[in-house]
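*Asks:* Show me how the following folds:
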Amino acid sequence: MNRHDSAGRRDEGRIKGIEERTFAALPPAHGTGFAQTWWARAWLTALEDGAMDGEQVRAGRRFARAGSVGAVTVRPGRITAVVRSRDRTPHRADVLLDTLSDAQWDRFLDLTAERAGHMAALLDREMPPDLVEDADAAGVHLLPGLGDLEAECDCGAWDHCGHTAAVCYQVARLLDQDPFVLLLLRGRAERVLLDGLQDRGAGTPAASASAEPRAEGVDAAEAYAAGDILPALPAAPALPPEPGGPPALDTDTPPPPGVEPAALEHLAARTAAAAHLLLAQALREPPGPCADAGRLSAGQDAVRLATGAVGGHTRAYRLAAVAGRLAAGSGRSREQLASAVRAWQHGGAAALSVWEEEWAVEGDALARARAALETAWEDDERPALRARANRWTVVGEACQLRWGRDGRWWPYRKEGGRWIPAGDAAADPATALAAARSDGEEAPSPTETPSRLAGSSPAQASSPAEVPPAVTP
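*Replies:* Numbering: from 1, shown residues only. Purely as a prediction, here's the structure:
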């Protein structure tokens, strides 16, 4: 039996003020460390020194860096998140840590209340080192030590695997922002802690002992500590899973002269998709790529409209006619248009430019690109790359990084002998390469998009104009 299930661990259902917090998935970590504060570094030290397999820890760091960790839920004694492996298989991963007893919490609150600066630091989202040291001396261990972080994962690993290690790296980023995450994991929510400190007379760390009348207004620390005065905001409305479909226009009534029902139906679908995108942006959901249609060339705008044609709202018998007109308007064949749509789905006009253009990287731009590649990986993780123009190909793998003129890296993967976009752009080349190496994709698969637009098999649908760059040492 896991020691977290033993009598030594208090029943979570009886913890005073039990609360759980769920943090939205964080974006991929760029070429910087995961822990910026001393307490977050101590958290990672407990993981890295306590794990039995260092390779699993490094795999977890790669998962976290690539953005493979979903929403993180923290509650007393347990952290839970879903982590996707390289093959996009989801795994539930839990990290467990003993909670403190009531007696230990009383000692911690007494220590914190002794010095007003301790509470002020906590309210500023800081963890004073002397408070941690005093707590350790009193037998209250806030930070985990060697072997304190236990792992549970549905992948079946008996010790820390890449999934649980990824959760730990993600939690280090949360700890950087808010040390109360650690205190909640140890058993007490922020509101309960602040109430306990106020009961001990430490609720107003900046209050003066002077008998002089107080100035009008509220002390900043008091206002921060009393944040629950305002009611919580209502939950945001849910984003519909997809845009609404336009009505069918294939009626027995002949259309008026000059009106093409297929084109009108397609434009209605694109309008619904644009409204869905605006709602996604308002709700701060991850929206798809958006471009200002007023600044697009005719060829770019044709690709933008064709992107809507593969969104599921243009009927198959209408799609062929729409695709043919858009291909002719963009100066491409239908197969080339299908590949251009694939690029557009990953980043709009910027992604289309990266797919179409090969340009020489020179001077300061080349220095910046090389610096980014040098710092993106640990020395033992850096892949071997061969470069041509703005394209870096991984030696021995069907993966490629393309550098855009805006300084972002775009992942590409070779399929059917052609280089195709494999994901969205990233500022960090390691994040982009992780997307290129992944077997799954968020955008429509190469089987779906080209075949629907080009009316051909997936192998035939790749763009004949896209020539894989010949790499040179």
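*Asks:* contacts and neighbour counts: CA atoms only from here.
*Replies:* Fine.
*Asks:* Alpha carbons of stretch 159-170, as CSV, please.
*Replies:* Output of stretch 159-170 as CSV, limited to C-alpha atoms (Å, rounded to 0.1, in the frame of the first residue of the first chain):
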residue,chain,number,x,y,z
ASP,A,159,8.5,5.1,-10.1
HIS,A,160,8.5,8.5,-11.8
CYS,A,161,7.9,8.1,-15.6
GLY,A,162,8.1,10.8,-18.2
HIS,A,163,4.4,11.7,-17.6
THR,A,164,4.7,12.4,-13.8
ALA,A,165,8.1,14.1,-14.3
ALA,A,166,6.4,16.4,-16.9
VAL,A,167,3.7,17.3,-14.2
CYS,A,168,6.5,18.2,-11.8
TYR,A,169,8.2,20.5,-14.3
GLN,A,170,4.8,22.2,-15.0
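*Asks:* average pLDDT for it?
*Replies:* The average pLDDT within stretch 159-170 is 92.
*Asks:* okay but P383 is in contact with V394, surely?
*Replies:* Yes - between P383 and V394 there is a contact at 6.6 Å, judged by C-alpha atoms under 8 Å.
*Asks:* from the chain's centre, how far out does stretch 409-426 sit?
*Replies:* 19 Å (C-alpha atoms, centre = their mean, to the nearest Å).
*Asks:* and the end-to-end length of that stretch?
*Replies:* Start-to-end span of stretch 409-426 (C-alpha to C-alpha, to the nearest Å) is 5 Å.
*Asks:* So which bits of it are buried?
*Replies:* 409-414, 418-426 (16 or more other C-alpha atoms under 10 Å).
*Asks:* So which of the residues you listed belong to strands?
*Replies:* 409-414, 418-421 (DSSP state E).
*Asks:* And the furthest pair within these?
*Replies:* With distances taken as C-alpha to C-alpha, the most widely separated pair in those is W409 and R418, at 18.6 Å.
*Asks:* Now do stretch 126-145: distance to the chain's middle.
*Replies:* 32 Å.
*Asks:* For it, buried residues please.
*Replies:* Neighbour-count burial for stretch 126-145 [16+ other C-alpha under 10 Å]: 126-128, 131-132, 135, 140-145.
*Asks:* Next, please give the residue ranges for the helices of the stretch 101-250 of the chain.
*Replies:* Taking DSSP state H, counting those that start in this stretch as the criterion, the stretch 101-250 of the chain contains helices spanning 102-114, 116-123, 129-137, 162-177, 180-185, 190-199, 220-225.
*Asks:* what's the most buried one of these?
*Replies:* Burial of the helices of the stretch 101-250 of the chain is given as mean neighbour count (mean count of other C-alpha atoms under 10 Å); helix 162-177 ranks first at a mean of 26.
*Asks:* Which elements pack onto that one?
*Replies:* helix 38-50, helix 54-65, strand 69-75, strand 78-84, strand 90-96, strand 150-153, helix 180-185 (3 or more C-alpha pairs under 8 Å, 6 or more residues apart in numbering; DSSP states H and E).
*Asks:* would you turn these into TSV with mean pLDDT and distance to S438?
*Replies:* Converted to TSV, the helices and strands packed on helix 162-177 look like this (pLDDT from 0 to 100; distance: least, C-alpha to C-alpha, whole Å):
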stretch	mean pLDDT	distance to S438
helix 38-50	89	25
helix 54-65	89	11
strand 69-75	91	14
strand 78-84	92	10
strand 90-96	92	13
strand 150-153	92	21
helix 180-185	92	31
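*Asks:* JSON lines please, covering the ones you listed and showing distance to Q400.
*Replies:* As requested, the helices and strands packed on helix 162-177 are arranged in JSON lines below (distance: least, C-alpha to C-alpha, whole Å):
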{"stretch": "helix 38-50", "distance to Q400": "31"}
{"stretch": "helix 54-65", "distance to Q400": "18"}
{"stretch": "strand 69-75", "distance to Q400": "24"}
{"stretch": "strand 78-84", "distance to Q400": "22"}
{"stretch": "strand 90-96", "distance to Q400": "25"}
{"stretch": "strand 150-153", "distance to Q400": "32"}
{"stretch": "helix 180-185", "distance to Q400": "39"}
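*Asks:* To A327, which of those lies closest?
*Replies:* strand 78-84 (37.2 Å).
*Asks:* Just want the angle from the closest one to strand 90-96.
*Replies:* 160 degrees (axes from the mean of the first three to the mean of the last three C-alpha atoms, to 10 degrees).
*Asks:* For the buried residues of stretch 409-426, work out which two are farthest apart.
*Replies:* Those two in the buried residues of stretch 409-426 that are separated most widely, counting by C-alpha to C-alpha, are R418 and A426, at 21.7 Å.
*Asks:* residue ranges with poor pLDDT in the stretch 101-250 of the chain?
*Replies:* Along the stretch 101-250 of the chain, the parts satisfying pLDDT under 70 run over 202-233, 236, 248-250.
*Asks:* hmm, try it at 80
*Replies:* Counting by pLDDT under 80, the ranges of the stretch 101-250 of the chain that qualify are 115-119, 200-239, 241-250.
*Asks:* List the beta-bridge partners for D94.
*Replies:* Under DSSP bridges, the beta-bridge partners of D94 are T80, E152.
*Asks:* how much space between D130 and A137?
*Replies:* D130 is 10 Å from A137, by C-alpha to C-alpha.
*Asks:* so how far is stretch 39-59 off the chain centroid?
*Replies:* With C-alpha atoms, centre = their mean, you get 21 Å for stretch 39-59.
*Asks:* Show the contacting residues for V95.
*Replies:* 78-80, 149-152, 164, 167-168 (C-alpha atoms under 8 Å, 6 or more residues apart in numbering).
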